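Engineer: Give the three-dimensional model of this entry:
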Amino acid sequence: MAAFSNGLNETIRSECVAKGRPKYLLDTFFYKKKCEETMQFVEKQNFLLDSGAFSFMSGAETTKEQMEKFILEYIGFINKHDIQNFIEVDVDGIFGIKQVEKWREMIERETGKKTIPVWHRWRGVQYWKDMISAYKYVAMGSQVQKVFNISKQDYENIKKMVFYAYSKGVKVHGLGFTKTKELSDYKYYSVDSSTWNMTAILGRNIQFFNGKHIVQRKITSTKQLDFKKLGKHNFLEWCKYQHYMDRRII
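Structural biologist: Below you'll find the model as predicted:
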C-alpha cells in the first residue's frame, strides 16, 4: 500500500488516481474530508485506515478525556463507512499499554470488528506472539530509521518476527516502510510510505521506479520548483512500484 497524501488538491488527486491506478491506499482519519475522498479510489477491502492519533496530539498536551472523545469519533467514522481494515490507536508510549488495550477493546466492541494492533519494541517479543495468536492482521510499528533510530540488528529481528507471523498464517502490515530495495526480503502482506510526498513537500528528492525498486535523486535547488508537480510525479512512480510488487510472489 502507498499512502495517498492530503498534500495534493482534488484535481491532481483524481488525475493521479486515473493515471497511476493504485490498487491499495492508506489514509488517516485525522483528515476526515480528504480521507473520505481517498476511500472512493479503491475497493473497500484494499483501503487501510489509520487513526492519525499522533497528528491529533501534536501541539498542546492531550488529556485522556480528549483522546477518548477522539476515539469515539474514530469509531463513528469506521461504522459510518463500514471500514474493513483499521489500525488501533497505539498511543501506549503516552497513555500506557493497559489503557490502549481498553481503548482497543472499546473500538472492537463498538464496531463489531477486529482492529489491526500495532507492535512497538517496548511491547516485547512475547506481546508480538500474543498478537499473532489473537489476530489475523497485525502491524509492525513505524520503521522510519531516522526518527526511531532503528539499527541493522533491529531490522534483522523485525524480519524474523514478520516471518514468524507469516508461518502462522497472519498478515503483517509494515508501517512507514520505505526500504523498497529490501522489501522482498520480508514477508509483509502490506506496507505504507509517505516518503513520496514528504520529500516533495520539502523539495528534497525526485523519485523514480527503476523496474525493481524506488531510487531517488536529490534536488539541489528549489528555485522555481513546482511542488505539486513533483508530488504528482513521485506518487505515480510509487504506483508503478506498487503494481510491480503486487505481481510478485514474495
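
Engineer: Tell me the helices and strands packed up against the strand or helix carrying Q242.
Structural biologist: Using DSSP states H and E, Q242 maps to helix 227-247. In this structure, helix 227-247 makes packing contacts with strand 2-3, helix 10-20, helix 195-201, strand 205-209, strand 214-218, judged by 3 or more CB pairs under 8 Å, 6 or more residues apart in numbering; DSSP states H and E. Backbone N, C-alpha and C define where each C-beta goes, glycine included.

Engineer: let's see it at 10 Å
Structural biologist: strand 2-3, helix 10-20, strand 190-191, helix 195-201, strand 205-209, strand 214-218 (3 or more CB pairs under 10 Å, 6 or more residues apart in numbering; DSSP states H and E).

Engineer: The second one: which residues count as buried?
Structural biologist: Within helix 10-20, the residues scored as buried using 16 or more other CB atoms under 10 Å are 13, 16-17, 20.

Engineer: show me what contacts K159?
Structural biologist: The contact partners of K159, by CB atoms under 10 Å, 6 or more residues apart in numbering, come to 182, 185-188.

Engineer: at 6 Å what do you get?
Structural biologist: With contact taken as CB atoms under 6 Å, 6 or more residues apart in numbering, K159 is in contact with Y186.

Engineer: Just to be sure, it is in a strand?
Structural biologist: No. Per DSSP: H, G, I helix; E, B strand; the rest coil, K159 lies outside any strand segment and is helix.

Engineer: buried sites along stretch 239-247?
Structural biologist: 239-242, 245.

Engineer: just the CA coordinates of it, formatted as PDB?
Structural biologist: In PDB, the C-alpha atoms belonging to stretch 239-247 read as follows (Å, rounded to 0.1, in the frame of the first residue of the first chain):
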ATOM      1  CA  CYS A 239       2.100   3.500  -8.200                       C
ATOM      2  CA  LYS A 240       4.400   1.700 -10.700                       C
ATOM      3  CA  TYR A 241       6.300   0.100  -7.800                       C
ATOM      4  CA  GLN A 242       3.000  -0.900  -6.200                       C
ATOM      5  CA  HIS A 243       1.900  -2.700  -9.400                       C
ATOM      6  CA  TYR A 244       5.300  -4.400  -9.700                       C
ATOM      7  CA  MET A 245       5.200  -5.700  -6.100                       C
ATOM      8  CA  ASP A 246       1.500  -6.800  -6.500                       C
ATOM      9  CA  ARG A 247       2.500  -9.000  -9.400                       C
END
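
Engineer: Low-confidence stretches in the protein?
Structural biologist: Within the chain, the stretches with pLDDT under 70 are 1-10, 59, 143-149, 249-250.

Engineer: The nearest residue to L175 once chain neighbours are set aside sits in which helix or strand?
Structural biologist: Using CB to CB, 6 or more residues apart in numbering and skipping residues adjacent in sequence, the residue nearest L175 is S142, 4.5 Å away. If you go by DSSP H and E, S142 is not part of any helix or strand.

Engineer: All the helices of the protein, residue numbers only.
Structural biologist: Along the chain, counting by DSSP state H, helices occupy 10-20, 32-39, 53-57, 64-81, 92-95, 97-111, 125-134, 145-148, 152-167, 195-201, 227-247.

Engineer: winner for burial among those?
Structural biologist: helix 195-201 (a mean of 22; mean count of other CB atoms under 10 Å).

Engineer: Check the offset of it from the chain's centre.
Structural biologist: Relative to its chain's centre, helix 195-201 lies at 15 Å (CA atoms, centre = their mean, to the nearest Å).
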